[in-house]
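# need a structure here:
(chains A and B)
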Amino acid sequence: MKAAANLSEDKSTSKLPWSGRRHIIDTKDVTWSELEFLFAIAQRYKKAGPEALPLPQQFVGKGVANVFYESSTRTRSSFEFAGKVLRLNVVNIDSKVSSVNKGESVEDTGRNLAAMGFKIIIQRHSAAGACDLLVNAIGDKTCIINAGEGASAHPTQAMLDIMTMLTYRKDLKGAKVAIIGDINHSRVARSNLWLLKMLGAEVHFAGPPTLMPSFLPSLGAHVHMRPEEAIRDADFVMVLRLQLERQQSGLIPSIEEYQRVFRINHERLKLAKPEVKVLHPQPMNRDIEITYNLADDPQYSLMDEQVSNGFALRMAILHTLLTQI
Amino acid sequence: MKEKKLLLKNATIYSPDKNGTVQKSTTKPSDIRIENGIISDINENLSASKEEEIIDLKGLTVLPGFIDLHAHLRDFDQEDIEDFGTGARTAAAGGFTTVVAMANTSPVRDNINALKDTLERIRQVSCIDILPVAAVTKGLAGEELTNMVELAENGAIAFSDDGVPIMNMGVFRRALSYLALTKKFIISHADDKHLTGRGVMNESPQATRLGLPCTPSASEAVAVAREIEVLRLQGGHLHFTHISAAPSIALIKKGRKEGLHITTDVTPHHLTLKDEDVVPYDANFKMNPPLRSTRDQETLLEAIVDGTIDAIATDHAPWTALYKIRPFEECSVGIIGFETAFALMYERLVLSKLISFERLIELFTSGPAKILNIDDKQVAIGKPANLAIVDLDAKWTYDVNKSSSKSRNSPFHGRKLFGRNVMTIFKGQIVFQNSDDLAKV
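From the prediction side, this is the model:
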C-alpha cells in the first residue's frame, strides 16, 4: 500500500498527464504510464471518496450513457454509481426495453446518444468489435468505453485486476499469474494477458482443452492441461466463471467432471506460493469453479477488493476522459 | 437498336486454341472486324468501311471475355444488394462476359419457375452471359433432390447448394448418381459444418488474439475427402470451388491422379490475402471459406503452377452496409470481386513470374470453359465477339465507391493495382469502356 500512497500525492497526477486516448476499447496497446495515471487517481478516490478529486464545475451534470446489450451487475452498477458520485447524469439503456430490441443498430443507437450530447458512452455487447463500430460512427464526438464484448476484450476489468494485484506486489515483473477456466470464451483472460505481458508477468493458462484456444503460446502465454501445473509457485490465481451452457453445447462432459479436474480449492492452492492471492472477475458459480470456503477465505480471496477497486477505477476513468481530452 | 460494326485496330491478340492452350495469335498487331456480333475478319491493315466505328487498340491486348465460375448476383428479394443488371455491368467492368450465378438466391433457385424467372430477368437486364446454377436439394435443405433433369433441360448450367453444403453423404451420393441423366456437374463448397461451428475466421494466432470464433482448415479438407470418396464410388464430375486449404489441395491432387473427374477453382482473395491480414473486426475481411494461413496460400500458389487449379473464380458476394456494418461475428459473409480479379491475379501470378501470361489467361478463359463444356471462347473468325481488352501497363487504384455494383464490400478499396481491363465487348457491343484509360489511345 506504500507505493499506492505515494502515487496518491497531489503532484502525481500533474506529473503524469493522460496520454490523450479518447476511448478505452482494448488493453493491447495500453501503456504503463496510462495505467499508473489512472491508478493514482483511483487510489485517491478509494481512500477519500469523490471529494478527493471533485469534477470541475464545467463537467458536472454531463451525460454518461450505459448501453448494455448483455446483462451485467458489477460493471454496469459500478460505472453507474461512479458517474453518480461524480455528479454526472447517468442514463442506463437496457437492450431489452429499448429500440435496440426493435432491431436498431449499435451505430444508430450511438449516433442518437451522441446527438443528445452524451459525453461518454459505456457499451457492453455480445460480439467482438461492436465498440469499433461505435468509434467509427461517433468517436469524434463521444468517448467510448468498452464494458466487455464478445470473447475479445473487457479492458476495465483487466485494469482493476492489475490494480488489485499491485496492492500486493511492487510490480508484476516476473510474477507468475495462473488463469484457470474457459479461456476460449473469456474476454477477461485476453484483456489480462495483454496487460500482464506488458508488465513483465508470466501468464499460465489452464482449462479444459475444449475451451482452450489454439496458438496461445505464439501470443506469449504458457498453456497447461492441468491446473496444478499452472498454479505451481503462482503469485496470483485468477479463476474464471464456467458458463453452465458450455455443458449443454458439449464442450465439457459434465459439471462434476469439471469440478473434479479444475475446481480451485485449498488443496490445489498449496502448490502456489504461500502468499498467493486468488482473484475472480465474478459472477461466480460457488463450488463449481472455486470452493465455497476458498471464495470467502480472507487470507486468499481478493474478490471484494476487486469490486471496490473497480468502482474507484471507473471513477478515475470517467474523470480522466472528461477532463483530460 | 441498330447493330454497330466495329473495327479494332492494332490489337495484340491472345487466344486459346482448340485444346484450350492460350497463345499469342499473331506475330504483329492485327485488326479485328466485328459484324453482327461475330468476328468476321482478323488481319493486318484491314481497311475501314464507312459505317464502322474504328477503335485504335495500340498497346492494348485483346483476350477472350473472361468466365467466372462462381458469383452471387442476388436480385429478386435481394435486389437492394445486387441485381442481374448491376451484377452484369460490374462483371463486364472486370472483363467478364460469362458469369455462373449461384442458386442460393431468395427465393432459392430450386424449381422450374424460379429458373424461368431468373432466365427472364437475365434476358431483360443483363449485358453479358449469365449462366444460372440450380440447387441440388429442395430449399438447400440437403434432403430431397430437385427436378434435376427438368432444370438442366431448361438452362441450369450446373448444380450446387453452395454455402449450405450437403452434410448427408447418402444424399450427396444420390445427387451424383441421378446427375448422370443430365451430363451436368456438382459445384461443391466443401465445408464440414460441425467442425466449422460458429467459426468466422481461420483458426490462427490472429483469431485467438481477436477473440473471434474460428474454423480450422480441416473443416474444408474433411468435406473434400469424403466427397472424393463418394465420387470414386459413384462417378461423375465434381467441381470444388474456392478451395482455400493446403490439405484439400493434397486430396484433390491425389484424386485427379487416380483419374477421378475433379476440377477446382480458387479466388483472387485467397491468393492475395491471409488470416494475419484481417483488419480487426473489419467485415470486408469476412468470407467463407475464411482467409487462411501463409502455408495454405503457398500451397494454393503451387497448385496453380502445377496445374491442379483449373480456374480463377471470384465468389463475388455483394452485401450493402446494412448487412456488413455490424460486429464481425454477426455480419454477412463475402466480398465483391469482379473488378479487381484480373489485376490482382496479373500482379500476383504473372508479374511475380510464377506463371506465364498465357497460363493466366487460361485460368480466366479456356480453363473454366472446359469445366462448363462451352467452346466458343476463341478470338477467331466466325466466333462471337466476346472480348476483354486489357492495358497491361496500367497502374491504378481501386476505388470501390466507383464500382458498378450496388454494394461496396471490398477489402481491396484503395489498393494499387497493375494491369486493367479497359473495354469489354459482348456479342459485338461495347458493354464496358473505361474512358480515362482509353482517352490516351
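# in chain A, what spans have low per-residue confidence?
Residue ranges of chain A with pLDDT under 70: A:1-16, A:97-103.
# Quick check: the residue of it nearest chain B.
Residue of chain A nearest chain B, by C-beta to the nearest C-beta: A:G129 (2.7 Å). All C-beta spots, glycine's among them, are computed from the backbone N, C-alpha and C.
# What residues does that residue make contact with?
The contact partners of A:G129, by C-beta atoms under 8 Å, 6 or more residues apart in numbering or on different chains, come to A:149-150, A:152, B:210, B:280-281, B:327-329.
# what does B:A158 give?
Each residue near B:A158 by C-beta under 8 Å, 6+ apart is listed here: B:100, B:133-134, B:184-187, B:239, B:372.
# quick one: the helices in chain A?
A:2-7, A:10-15, A:32-48, A:74-85, A:106-115, A:130-138, A:155-165, A:187-198, A:227-231, A:245-248, A:255-262, A:266-269, A:292-295, A:303-324 (DSSP state H).
# Which elements pack onto the third one?
To tie it back to what came earlier, the one meant is helix A:32-48. Using 3 or more C-beta pairs under 8 Å, 6 or more residues apart in numbering or on different chains; DSSP states H and E, the elements in contact with helix A:32-48 are helix A:2-7, helix A:10-15, helix A:155-165, helix A:303-324.
# So which of those is the most surrounded?
With neighbours taken as mean count of other C-beta atoms under 10 Å in any protein chain shown, these reach their highest mean count in helix A:155-165, at a mean of 25.
# how far off helix A:187-198 does it point, in degrees?
On the basis of axes from the mean of the first three to the mean of the last three C-alpha atoms, to 10 degrees, helix A:155-165 is oriented at 60 degrees to helix A:187-198.
# do helix A:155-165 and chain B meet at all?
No. If you take C-beta under 8 Å from any C-beta of the partner chain as the test, helix A:155-165 misses chain B, and the best it gets is 12.4 Å.
# Which residue, neighbours along the chain excluded, lies closest to the residue of chain A closest to chain B?
Once flanking residues are discounted, A:G129 sits nearest to B:Y281: 2.7 Å by C-beta to C-beta, 6 or more residues apart in numbering or on different chains.
# how about the one you found, what does it touch?
A:128-129, A:132-133, B:210, B:327-328.
# Can you pull the domain assignment for chain B?
B:5-63+B:381-439, B:65-372 (automatic domain parsing).
# Can you lay out the contacts of B:Y281 as JSON lines showing distance to A:L113?
Output for these, formatted as JSON lines (distance: C-beta to C-beta, whole Å):
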{"residue": "A:A128", "distance to A:L113": "21"}
{"residue": "A:G129", "distance to A:L113": "19"}
{"residue": "A:D132", "distance to A:L113": "17"}
{"residue": "A:L133", "distance to A:L113": "14"}
{"residue": "B:L210", "distance to A:L113": "26"}
{"residue": "B:P327", "distance to A:L113": "18"}
{"residue": "B:F328", "distance to A:L113": "23"}
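# And the residue of chain B that's closest to chain A?
For chain B, the residue closest to chain A is B:Y281, as judged by C-beta to the nearest C-beta, at 2.7 Å.
# Does A:N293 touch A:H266 like I think?
Yes. Contact criterion C-beta atoms under 8 Å: A:N293 and A:H266 qualify, at 7.0 Å.
# A:V85: what's it in contact with?
Going by C-beta under 8 Å, 6+ apart, A:V85 touches A:49-50, A:315.
# what's the neighbour count on B:D77?
10 (other C-beta atoms under 10 Å in any protein chain shown).
# residues contacting residue 105?
No chain in the question, so chain A it is. B:325-326.
# Switch to chain B, please.
The contact partners of B:T105, by C-beta under 8 Å, 6+ apart, come to B:72-78, B:114, B:118.
# just checking, B:P205 touches A:S218?
Yes. Counting by C-beta under 8 Å, B:P205 does reach A:S218; the two are 4.8 Å apart.
# Looking at those two, which is more packed in?
Neighbour count, other C-beta under 10 Å: between B:P205 and A:S218, B:P205 has more, with 17 against 11.
# what's around the nearest residue to that one once chain neighbours are set aside, how many residues?
Closest residue to B:P205 apart from its sequence neighbours, by C-beta to C-beta, 6+ apart: A:F215 at 4.2 Å. Number of residues near A:F215 (other C-beta under 10 Å) recorded here: 16.
# Spit out the contact partners of the residue nearest to B:R198 when sequence neighbours are not counted.
In space, and not counting its chain neighbours, B:R198 is closest to B:P213: 4.4 Å by C-beta to C-beta, 6+ apart. B:P213 makes contacts with A:151, B:197-201, B:207, B:329, as judged by C-beta under 8 Å, 6+ apart.
# how does it look with 10 Å?
Residues in contact with B:P213 (C-beta atoms under 10 Å, 6 or more residues apart in numbering or on different chains) are A:128, A:150-151, A:184-185, A:213, B:196-201, B:203, B:207, B:328-329.
# for A:Q306, same thing?
A:Q306 is in contact with A:74, A:157, A:160-161, A:163-165, A:238, A:279-282, A:313, counting by C-beta under 10 Å, 6+ apart.
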